[in-house]
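Visitor: Any chance you could fold what I've pasted below:
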Amino acid sequence: MRIPRILIREQLIEGTSLELPKSMAVYLVQVLRLGEDAPLVLMDGVYQLARARILTANKRGVTVVIDELFTETRESSLQITLWQCLSKGERMDYTLQKAIELGVTHIVPVMSERVNLRLDDERLAKRYDHWQGVMDSAAMQSCRTQAPKLGTMLTLTQVCEQLAKQDSLRLVLDPKATATCQTLIPQTHIDLLIGCEGGLTERELAQLKQAGFIGVRLGPRVLRTETAGLAILSLLQGLWGDM
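Guide: Reported below is the predicted structural model:
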């Protein structure tokens, strides 16, 4: 059985013991059925890993002891930020989960004109907690050594302003584009913007291209928002990354 990886976002110190968050304890005890002396790998979310084992495991919680610190390289050579226009419910969850598995380093939710989703501050805060949980679970499941970051939601205009002084390859999927990923010069820092379920308007595409985004297409078919980002991420990792 594969040794479970646990993301705790705490400093890992060899020889010390710590109590895991309750949600993680429930997962280890009730789902994986782990008990005393079961091995774990702890992640601090930055770069440090630790081999650990369970000291106590019961309904009240799980305590582990850190036996050894170590590092390893599982991150892609590509630094990809995914600017993902909002989609509803499971579609957004699926996109976030699979993007993490495919090596994205940073995800920023984006509000565009055709987004059919409106969230007040309270609902947005709850959604962010949920999205972060989805991303953390994906990072642990895929054995990432760093925890990808979830950025604050921005408008399309704010995205263009934020990227104005950054040096990166900026890509936006556009079914009318003539360029493909295969025709581009390989780069390691990539900003990828994916439209919502209704796609981007002509005005938005023009705004993005004025801000330095290159329109690219993925063949003759129009892909759904939850498929499009994952397809191009796989292609980029295959062309220039580690797949």
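Visitor: Residues contacting the lowest-mean-pLDDT helix or strand in the chain, please?
Guide: Of all regular secondary-structure elements in the chain, judged by mean pLDDT, DSSP states H and E, the least confident is helix 22-26 with a mean of 84. Contact with helix 22-26 is made by Ile6, Ile8, Glu19, Ala57, Gly61, Val62, as judged by Cβ atoms under 8 Å, 6 or more residues apart in numbering. Every residue, glycine included, has its C-beta placed from N, CA and C.
Visitor: how about a cut-off of 7 Å?
Guide: Ile6, Gly61, Val62 (Cβ atoms under 7 Å, 6 or more residues apart in numbering).
Visitor: now, among those residues, which is nearest to Leu171?
Guide: Checking the contacts of helix 22-26 against Leu171 by Cβ to Cβ gives Ile6 as the nearest, at 34.0 Å.
Visitor: I'd guess the closest one is in a helix, am I close?
Guide: No. Using DSSP: H, G, I helix; E, B strand; the rest coil, the assignment for Ile6 is strand, not a helix.
Visitor: For this structure, which segments count as helices?
Guide: For the chain, helices defined by DSSP state H occupy the ranges 22-26, 89-101, 121-141, 156-163, 202-210, 225-240.
Visitor: Among those, which comes closest to Val108?
Guide: With Cβ to Cβ as the measure, helix 156-163 is the member of these nearest Val108 (7.4 Å).
Visitor: Sketch out the low-pLDDT regions of the protein for me.
Guide: Low-confidence segments of the chain (pLDDT under 70): 1.
Visitor: Show me the domain layout of it.
Guide: Using automatic domain parsing, the domain ranges for the chain come out as 5-70, 79-240.
Visitor: Adding mean neighbour count, write those out as a markdown table.
Guide: Output for those, formatted as a markdown table (neighbours: other Cβ atoms under 10 Å):
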| stretch | mean neighbour count |
| --- | --- |
| domain 5-70 | 16 |
| domain 79-240 | 17 |
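Visitor: Just give me the residue closest to the centre of the chain.
Guide: The residue lying closest to the centre of the chain (Cα atoms, centre = their mean) is Ile100, at 3.7 Å.
Visitor: is it true that that residue touches Val134?
Guide: No. Assessed by Cβ atoms under 7 Å, Ile100 is found out of contact with Val134, at 8.2 Å.
Visitor: Now that we have the helices of the chain, can you turn them into JSON lines and tack on distance to Leu12?
Guide: As requested, the helices of the chain are exported to JSON lines (distance: least, Cβ to Cβ, whole Å):
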{"stretch": "helix 22-26", "distance to Leu12": "15"}
{"stretch": "helix 89-101", "distance to Leu12": "21"}
{"stretch": "helix 121-141", "distance to Leu12": "15"}
{"stretch": "helix 156-163", "distance to Leu12": "32"}
{"stretch": "helix 202-210", "distance to Leu12": "41"}
{"stretch": "helix 225-240", "distance to Leu12": "29"}
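Visitor: just so I know, which of those lies nearest Ile66?
Guide: Between the helices of the chain, helix 22-26 lies closest to Ile66; by Cβ to Cβ that is 15.2 Å.
Visitor: thinking again about what came up before, nearest to Cys196, out of the contacts of helix 22-26: which one, please.
Guide: Ile6 (33.7 Å).
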